[in-house]
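[1] Return a 3D structure for these sequence lines:
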Amino acid sequence: MAHYIALIEDAGPDRAIGVWFPDLPGCTSGGDDIDEALRNAPEALELYADCYEEDGKPLPRPRTLTELKSDPEIAGDLKSHMVALIELPVRAHAAE
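    Purely as a prediction, here's the structure:
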């Protein structure tokens, strides 16, 4: 099973919690609190994978946390946001 790293952005008590996946541009989710945002994240990942599958394209390979830390475009976000590992359901396949 593939797992993708998600970043969780908490913008404060009066705002929704945002979730996004650095390896999957445009794949986002959220919730009213962190627990809800984390419960919603797998569904967002699955819907994103379904769209790729329908277009006949493989998903980008999920990078490790070490790989993301060495990416200058992501490294700062990793320092300022929470990180979660979200599992992609078995039926969708990531690129090897």
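[2] you'd agree L59 is up against Y52?
    Yes: counting by Cβ atoms under 8 Å, Y52 is a contact partner of L59 at 5.2 Å. Placement of C-beta: from N, CA and C, glycine included.
[3] Of these two, which one has the most company?
    The residue with more neighbours, out of L59 and Y52, is L59; 21 against 18, by other Cβ atoms under 10 Å.
[4] From the contact counts, what lies against the longest strand anywhere in the chain?
    Here the longest strand in the chain is taken by residue count, with DSSP state E as the criterion, and it is strand 3-10. Under the contact criterion of 3 or more Cβ pairs under 8 Å, 6 or more residues apart in numbering; DSSP states H and E, strand 3-10 touches strand 17-20, helix 34-54, strand 82-87.
[5] Show me which positions of it end up buried.
    The neighbour-count check on strand 3-10 (16 or more other Cβ atoms under 10 Å) flags Y4, I5, A6, L7, I8, E9 as buried.
[6] And stretch 68-87, by the same measure?
    Of the residues in stretch 68-87, L68, I74, L78, H81, A84, I86 count as buried by neighbour count, 16+ other Cβ under 10 Å.
[7] Identify the residues contacting that stretch?
    By Cβ atoms under 8 Å, 6 or more residues apart in numbering, the residues outside stretch 68-87 that reach it are 1-10, 19, 21-22, 34, 38, 41-42, 45, 63, 65.
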